[in-house]
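Visitor: Sharing a model prediction with you, sequence too.
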Amino acid sequence: MFFSVIIPIFNRPDELRELLVSLTRQTYTNFEVVVVEDGSTIKSDGVVDLFTNQLAIRYFFKENSGQGFTRNSGFERASGDYFVIFDSDALIPPHYFATVNQRLQTDWLDAYGGPDAAHPDFTPVQKAISYSMTSPFTTGGIRGSKKNLGGTYHPRSFNMGLSRQVWETIGGYRLSRMGEDIEFAIRIIENNFRTGLIPDAFIYHKRRTSFGQFFRQLRFFGRARINISRYYPNELKFVHAIPALFTLFVFSIPLWALISPILFWLAVSVVVLIALLIFIDATRKERSMKIGLLSVRAAFTQLIGYGVGFLGEGWKRFREPKGFRETGATIEYPS
């Protein structure tokens with residue numbers, strides 16, 4: 001199997017360098033790397049030049065149009081049998097392509113996704129954010145499950161592969177931002193291609209390095225879920241509203257004190273219990289009380305950030321004329 005690795009990049013040359021270093025350490029080396037720069041002001045061509053003797057790598061620059069359309073540019077230039085998409089803020093374990101190749105040879109998938117994990121060298125904040133995005137106490141835990149809601153696995157573009165046949169059949173991304181990977185996965189499944197999770201094809205996903213950045217990213221994710229409902233109304237499930245309900249519950253706690261002290265302390269107790277469960281679970285998994293405490297903050301940041309975005313975009317969606325759709329093409333990257 002010859003793989004084409006598609007990496008969209010936007011003003012992140014240092015992250016790209018770390019990603020490319022990890023690709024030079026793969027035990028399975030039958031792959032090329034296609035780097036597509038999405039109109040960056042801080043270009044990465046110099047970083048790519050450092051790896052021309054270590055990787056089969058090509059670099060392209062295009063005007064800014066967002067992640068989805070940038071991946072399309074990579075697909076158009078790729079020569080592999082199978083395309084693999086990585087976010088630029090990822091590190092790839094040495095066994096990754098060997099694991100994927102073995103799975104595809106023994107149990108074929110037209111498209112797959114892999115989990116994400118925290119690298120041992122990540123900062124405590126990065127580990128806490130990684131925990132939050134994979135925890136069973138937040139909706140992030142769904143991304144690493146064998147089946148998504150509805151019973152079929154929906155790959156996500158931070159760590160995703162698809163066959164050339166999939167791309168030639170359904171085309172590339174139709175949205176460039178605001179849920180583009182969700183919409184892409186839906187069309188793959190609607191065209192009866194087989195999808196699945198490869199549990200051992202995990203990546204180390206650095207994500208955001210501060211809680212402020214993380215909040216803005218998750219607010220964007222909440223907005224994206226509503227945006228998908230403009231195209232696929234049936235894809236909006238109750239579980240997607242849980243962060244919004246949690247957000248409303250937390251913000252309403254001060255009002256309970258005016259209604260009933262008993263209800264107020266009951267609501268506070270619920271929040272404390274949730275925080276305690278997260279703290280215990282994160283401390284156990286990460287073997288660090290510090291990361292356990294940070295994980296509580298990360299989980300609440302995730303739920304409230306997503307909830308705020310979901311509620312804001314949901315209200316906007318509610319007020320739109322019937323049949324109105326937004327392409328998402330004008331939405332900026334979350335900073």
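Guide: That came through fine. Remember, predicted model here, so these are calculated numbers, not experimental data.
Visitor: helices or strands next to the lengthiest helix in the chain in the packing?
Guide: Taking DSSP state H as the criterion, the chain has its longest helix at helix 289-318. Packing contacts for helix 289-318, counted by 3 or more Cβ pairs under 8 Å, 6 or more residues apart in numbering; DSSP states H and E, involve helix 124-132, helix 211-229, helix 238-259, helix 261-286. Where C-beta positions appear, they are placed from N, C-alpha and C, glycine not excepted.
Visitor: partner strands of the helix or strand bottoming out on mean pLDDT in the chain, parallel or antiparallel?
Guide: Using mean pLDDT, DSSP states H and E, strand 116-117 stands out as the lowest-scoring helix or strand of the chain, at a mean of 86. In the sheet, strand 116-117 lines up against strand 203-205 (parallel) (DSSP bridges).
Visitor: neighbouring contacts of stretch 61-81?
Guide: Stretch 61-81 has contacts (Cβ atoms under 8 Å, 6 or more residues apart in numbering) with 1-4, 6-8, 10, 31-32, 34, 36-40, 43, 45, 58, 60, 83, 85, 157, 163-164, 167, 172-177, 180-181, 184, 328-329, 331, 333.
Visitor: residues near Met289, how many?
Guide: 11 (other Cβ atoms under 10 Å).
Visitor: sorry, back to before: same list, the helices and strands packed on helix 289-318, but as CSV with distance to Asn192 please.
Guide: Output for the helices and strands packed on helix 289-318, formatted as CSV (distance: least, Cβ to Cβ, whole Å):
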stretch, distance to Asn192
helix 124-132, 34
helix 211-229, 20
helix 238-259, 25
helix 261-286, 37
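Visitor: Can you say which of these is packed in most?
Guide: helix 124-132 (a mean of 25; mean count of other Cβ atoms under 10 Å).
Visitor: tell me what it is packed against?
Guide: helix 211-229, helix 261-286, helix 289-318.
Visitor: Just the buried residues of the last one, please?
Guide: Residues of helix 289-318 classed as buried by neighbour count (16 or more other Cβ atoms under 10 Å): 291-311, 313-314, 317.
Visitor: now this protein, which segments are flagged as low pLDDT?
Guide: The chain contains residues with pLDDT under 70 at 139-151, 207-208, 323-335.
Visitor: Using the record, which stretches count as separate domains in it?
Guide: Domain ranges of the chain: 3-210, 214-318, per automatic domain parsing.
Visitor: circling back to that earlier point, of all the helices and strands packed on helix 289-318, which lies closest to Lys322?
Guide: Evaluated over the helices and strands packed on helix 289-318, closeness to Lys322 peaks at helix 211-229, with 13.4 Å, by Cβ to Cβ.
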